[in-house]
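> okay, structure incoming, though there's no sequence with it:
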């Protein structure tokens, strides 16, 4: 199978870092195909925030969080990051109303749109969040998630 580049949302990256029942296997399978991840600039903060929340909820131990951060740090070495430019902010402005997205999801989709130069042409968008996946598909991306 050919290695492809794709835009990865945090919802699909997190299961690569820590075991999440029912989704880690799917995430790893997608990573075998889309090994060249493009991510939004704030993804590293979203990952750490999600891990802190999982620790606080006692879904992960301190050791598991530490290991997950190490895995993320390894992934960070290969990701291509979309920076917070005026273009991204401009694209993000309309997305909450257009697709009923929350702020961070609007920035994720705007970053993907900036990466695709405003023309998604069915480029891969890897996402496990239903609302964001719907918006990305509506915008013209080929969404790869839990059900595809």
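Cool, got the structure. Note that this is a predicted model, so its numbers are computed, not measured.
> centre of the chain to the helix or strand hosting residue 75, how far?
Residue 75 is part of helix 62-76, with elements assigned from DSSP states H and E. The chain centre lies 16 Å from the centre of helix 62-76; the measure is Cα atoms, centre = their mean, to the nearest Å.
> stretch 130-148 too?
That offset, for stretch 130-148, works out to 11 Å (Cα atoms, centre = their mean).
> okay, buried residues for it please.
By 16 or more other Cβ atoms under 10 Å, the buried positions in stretch 130-148 come out as 132-133, 135-137, 139, 141, 143-146. Placement of C-beta: from N, CA and C, glycine included.
> over to stretch 59-73?
In stretch 59-73, counting by 16+ other Cβ under 10 Å, buried: 60, 64-65, 68, 72.
> could you say what helices and strands the helix holding residue 75 packs with?
helix 10-17, helix 43-56 (3 or more Cβ pairs under 8 Å, 6 or more residues apart in numbering; DSSP states H and E).
> what does the model give residue 147 for pLDDT?
At residue 147, the model reports a pLDDT of 74.
> gap between the nearest residue to residue 123 once chain neighbours are set aside and residue 5?
Among residues not flanking residue 123 along the chain, residue 116 sits closest, at 5.3 Å (Cβ to Cβ, 6 or more residues apart in numbering). Taking Cβ to Cβ, to the nearest Å as the measure, residue 116 falls 11 Å from residue 5.
> what's the answer for residue 111, then?
14 Å.
> which residues in this protein form helices?
Using DSSP state H, the helices found in the chain span residues 10-17, 24-33, 43-56, 62-76, 86-99, 103-115, 130-139.
> and residue 124, how far is that from residue 73?
Distance from residue 124 to residue 73, by Cβ to Cβ: 24 Å.
> I meant residue 41, not that one.
16 Å.
> okay, residue 111 and residue 5: which has more neighbours?
More crowded of residue 111 and residue 5, by other Cβ atoms under 10 Å: residue 111, with 27 against 14.
> so where is the chain shaky, pLDDT-wise?
Residues of the chain meeting the criterion pLDDT under 70: 1-3, 21, 148.
> any chance you could list what contacts stretch 130-146?
Here stretch 130-146 makes contact (Cβ atoms under 8 Å, 6 or more residues apart in numbering) with 6-7, 9, 11-12, 23, 26, 30, 33-34, 95, 98-101, 105, 108-109, 112-113, 116, 119-128.
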